[in-house]
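> This is a predicted model, with the sequence first.
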Amino acid sequence: MRAEVTLRGHMYLKQRKSTFMYKRNCVHAVECAVQIFFTACAFLTIVTVAVITGYLIVNGVPAIWKIGIRDMLFSTVWSPTAKQAQYGILYIVLTSLVGTAMAVMLGVPIALLTAVYLVEIASDKMAAVMKTAVELLSGIPSVVYGMLGLMVLNPLVYRLELRLYRDSVTHQFTGGANLLSAVLVLTLMILPTVTSISESALREVPAELKASSLALGASQMQTIFKVVIPAAKPGIITAVVLGVGRAVGEALAISLVSGGCVNIPLPFYPVRFLTTAIVGEMGYAAGLHRQALFTIGLVLFIFIILVNLTLNHIVRSGDK
Amino acid sequence: MGRKIREGLLLLFIKLAAFLTILLLTGIILYVFEKGGRFLRLSFLLTTPSVKNGTVGIAGNLMNTLLIVALTLFIVVPVGVGAAVWINEYAKKSAFIRLVEFAVQTLAGIPSVIFGLFGMVFFGRTLGFGYSILTGSLTLTLMVLPMITRSTQEALRAVPDNYRLGAFGMGATKWHVIRTILFPCALPGIVTGVMLAIGRIVGESAALLLTAGSGASLPRPGEGLIHKLMESGGTLTVQLYLSMSKAEYDVAFGIAAVLLCIVLLIQFLIGMLAKKRVRQEK
């Protein structure tokens, strides 16, 4: 009986040539309506992305035309409310790039080592506890990170600043609200993402690979660093790219700790990121200033699309 | 340097890194509850800020958060699940399916500020909803759509093909199979996606600041729900950010404590669901 049912199922499928596909088979009105609904839902995702892209371009490009590419993208002076308003966003773009790069350089090694601990060293019980901890960290709202950065990190960074610039007469003290604080907050925020994705990458390394390495006389550390991590490289790169995405896009948390002037991105300077410029100024911006903020949004969007394309590329080359 | 020492050092680094994660989590939780724990009282949760009555409560924000969560889920669950069902059950391997998956992935990667900007112009200005809870919910719908779609997709993929074969063999129609076999089997996975989405909505701030604004009032008696949805409303996170900017640190820590409670609860529920799923598979 059961075999017969399965057989009939197979025949049914064969009849339609491809798996589980209704092709020109809207017999009942309900079936038909349901299929149209599901297709519409899928189509909606594409439309959404297209509309978002369109709106950002339509709203972001006019300012570039009015201000001029050179005066906007390659000028460093951002003073939109001055009488002779200037809209150079070079430092803002650089801040986002440098800040993200620093956060990734700090965060990825820590996250990767944590993942190694989870997969290779911790006992099952310990690993379960740690995993919960990582998940909880990733669930904490970003403003809470910003708040803690402001209350805890800023004073610490300020103390460091006081010590480093003790004899300087030119340095403007930031009270801890500077690039370094923002980078530290970003580092903490990307830790859970990078850890959990690296962890699943490390777990997928075949046990035989590890066993062969150990059987050849390699120590545990040699096996981890020379065999397991290289084998998990595509997954780890994916984790890093997602970390970059998260760091580039973070807004309110770092707007609390990064000071708020457009400045060259050096650790002890108050800076403004692409994201913090948008959330910080949108409230009072008008006219060309507002359009310029949309251009900043467009630049950010282009960065994110590049990150996504990279990710897609990695995933696809990993599939082969 | 001897190999033994070098390896010992490496192991030490690994353990330090792992220890840091635990330290971070316990540190954050203890610090927030130490500073904001005293706010976890009913009077804080059930009053609105009022100079006259001398209250600083967050009832309005709590209500806004609940409304936004409910409205967003109401829109996003059918659409997200629908898209996943289409990808998994209806679509053929084609360029279109790749396009849909790329769209979902792109949506997942777009930062919340961009959603905020888009929502502000599209839902706020073009569609004329202004700064309102409705604008905020619609914006967040786009933001959490990928989470729902992905977890549904994963759950559907985990349903064994034999179930489908058996049902089709007995002459069930497609929708019947989806309704009576695939949805019940995939339910825990879908619910996990919904919980993750709730976590994201509760924690979201930048997108909402730009779309839903910062109102903190409770609906006045006699006004309907629709009126409330068309008003600006700040969620807990937005209020936390605003309190922080205004240097009202006490209130901020109180809200943070409430938020942590919600987040811990959500993670706990997700953990329970995962355990249930593992048991089911056995």
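Arrived safely, thanks for sending.

> What residues of whichever strand or helix holds residue B:28 count as buried?
In this structure, residue B:28 sits in helix B:3-36 according to DSSP states H and E. Across helix B:3-36, burial judged by 16 or more other Cβ atoms under 10 Å in any protein chain shown covers B:7, B:10-11, B:14, B:17-18, B:20-22, B:24-25, B:28, B:32-33, B:35-36. The C-beta positions use only the backbone N, C-alpha and C, and glycine is treated the same way.

> out of those, who's near chain A?
When contact is defined as Cβ under 8 Å from any Cβ of the partner chain, the buried residues of helix B:3-36 meet chain A at B:7, B:10-11, B:14, B:17-18, B:20-22, B:24-25, B:28, B:32.

> quick one: low-confidence ranges for the stretch 51-200 of chain A?
For the stretch 51-200 of chain A, not a single residue meets the criterion pLDDT under 70.

> all strands of it, in order?
For the stretch 51-200 of chain A, applying DSSP state E, counting those that start in this stretch gives strands covering A:78-79, A:86-87.

> For those, state which one has the densest average packing.
With neighbours defined by mean count of other Cβ atoms under 10 Å in any protein chain shown, none of the strands of the stretch 51-200 of chain A is more surrounded on average than strand A:86-87, at a mean of 19.

> who touches that one?
Applying Cβ atoms under 8 Å, 6 or more residues apart in numbering or on different chains, the external contacts of strand A:86-87 come out as A:63, A:67, A:71, A:72, A:75, A:77, A:78, A:79, A:80, A:288, A:289, A:292.

> out of the residues you listed, which are inside helices?
A:63, A:67, A:71, A:72, A:288, A:289, A:292 (DSSP state H).

> Most neighbours out of those residues, which is it?
residue A:292 (26 neighbours; other Cβ atoms under 10 Å in any protein chain shown).

> My guess is residue A:183 contacts residue A:107. True?
No - taking contacts as Cβ atoms under 8 Å, residue A:183 lies outside contact range of residue A:107: 9.3 Å.

> For residue B:173, give me phi and psi.
With angles defined as degrees, to the nearest 10, residue B:173 sits at phi -80, psi 170.

> okay, now the closest residue to it other than its chain neighbours: neighbour count?
The spatially closest residue to residue B:173, leaving aside those adjacent along the chain, is residue A:31, at 5.7 Å (Cβ to Cβ, 6 or more residues apart in numbering or on different chains). Neighbours of residue A:31 under the rule other Cβ under 10 Å: 16.

> Please apply the same query to the one 3 residues further on.
Residues within reach of residue A:34, counting by other Cβ under 10 Å, total 22.

> Can you give me the distance of it to chain B?
5 Å (Cβ to the nearest Cβ, to the nearest Å).

> Now do the helices in the stretch 1-150 of chain B.
Assigned by DSSP state H, counting those that start in this stretch, the stretch 1-150 of chain B shows helices spanning B:3-36, B:42-45, B:59-85, B:95-109, B:112-119, B:133-158.

> Need the ones you listed in TSV (columns: mean pLDDT).
Rendered in TSV, the data for the helices of the stretch 1-150 of chain B read as follows (pLDDT from 0 to 100):
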stretch	mean pLDDT
helix B:3-36	90
helix B:42-45	79
helix B:59-85	92
helix B:95-109	88
helix B:112-119	92
helix B:133-158	93
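
> Of those helices, which stretch is the most buried?
Highest mean neighbour count among the helices of the stretch 1-150 of chain B (mean count of other Cβ under 10 Å): helix B:112-119, a mean of 28.

> For chain A, what is the nearest residue in chain B?
Nearest to chain A, among the residues of chain B, is residue B:111, at 2.3 Å (Cβ to the nearest Cβ).

> quick one on the thing from earlier: any chance of the helices of the stretch 1-150 of chain B in TSV with distance to residue A:264 as columns?
Formatted as TSV, the helices of the stretch 1-150 of chain B follow (distance: least, Cβ to Cβ, whole Å):
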stretch	distance to residue A:264
helix B:3-36	31
helix B:42-45	43
helix B:59-85	38
helix B:95-109	28
helix B:112-119	23
helix B:133-158	33
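
> Tell me the backbone dihedrals of the residue nearest to residue B:173, please.
Backbone torsions for residue A:31, taken as degrees, to the nearest 10, come to phi -50, psi -40.

> Check residue B:272 too.
According to degrees, to the nearest 10, residue B:272 has phi -60, psi -40.

> Pull up the per-residue confidence for it.
pLDDT for residue B:272: 86.

> count of neighbours near it?
11.

> Can you give me the domain boundaries for chain A?
What automatic domain parsing lists as the domains of chain A is A:2-67, A:69-319.

> Make TSV out of those domains and add distance to residue B:216.
Output for the domains of chain A, formatted as TSV (distance: least, Cβ to Cβ, whole Å):
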stretch	distance to residue B:216
domain A:2-67	29
domain A:69-319	16
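
> and those, which is most packed in?
Ranked by mean neighbours (mean count of other Cβ under 10 Å), the domains of chain A are led by domain A:69-319, with a mean of 19.

> show me where pLDDT drops low in the stretch 101-250 of chain B?
Scanning the stretch 101-250 of chain B with the threshold set as pLDDT under 70 gives B:221-222.

> ranges for the helices of the stretch 151-282 of chain B?
Going by DSSP H, counting those that start in this stretch, the stretch 151-282 of chain B shows helices at B:161-169, B:174-177, B:183-203, B:206-211, B:225-229, B:236-245, B:249-281.

> Out of the ones you listed, indicate the one that is most buried.
helix B:206-211 (a mean of 30).

> Other residues contacting it?
By Cβ under 8 Å, 6+ apart, helix B:206-211 touches A:251-252, A:275, A:278-279, A:282, B:68, B:111-113, B:115-117, B:119-120, B:123-124, B:131, B:135-136, B:139-140, B:143, B:234-235, B:237-238, B:241.

> Same check on stretch A:188-197?
A:103-104, A:107-108, A:110-112, A:114-115, A:118, A:131, A:134-135, A:137-138, A:142, A:145, A:235-236, A:238-240, A:242-243, A:246-247, A:250, A:253, B:21, B:24.

> List the ones among those that fall in helices.
Assigned to helices by DSSP H, the following of the contacts of stretch A:188-197 qualify: A:103-104, A:107-108, A:110-112, A:114-115, A:131, A:134-135, A:137-138, A:142, A:145, A:235-236, A:238-240, A:242-243, A:246-247, A:253, B:21, B:24.

> ok so, going back, so which of the helices of the stretch 151-282 of chain B gets nearest residue A:218?
Across the helices of the stretch 151-282 of chain B, residue A:218 has its closest neighbour in helix B:249-281 (33.8 Å, Cβ to Cβ).

> for that closest one, packing partners?
For helix B:249-281, the packing partners by 3 or more Cβ pairs under 8 Å, 6 or more residues apart in numbering or on different chains; DSSP states H and E come out as helix A:124-139, helix A:142-148, helix B:3-36, helix B:42-45, strand B:55-56, helix B:183-203, helix B:236-245.

> Could you dump the ones you listed into JSON lines and include distance to residue A:214?
Output for those, formatted as JSON lines (distance: least, Cβ to Cβ, whole Å):
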{"stretch": "helix A:124-139", "distance to residue A:214": "19"}
{"stretch": "helix A:142-148", "distance to residue A:214": "40"}
{"stretch": "helix B:3-36", "distance to residue A:214": "14"}
{"stretch": "helix B:42-45", "distance to residue A:214": "56"}
{"stretch": "strand B:55-56", "distance to residue A:214": "60"}
{"stretch": "helix B:183-203", "distance to residue A:214": "36"}
{"stretch": "helix B:236-245", "distance to residue A:214": "48"}
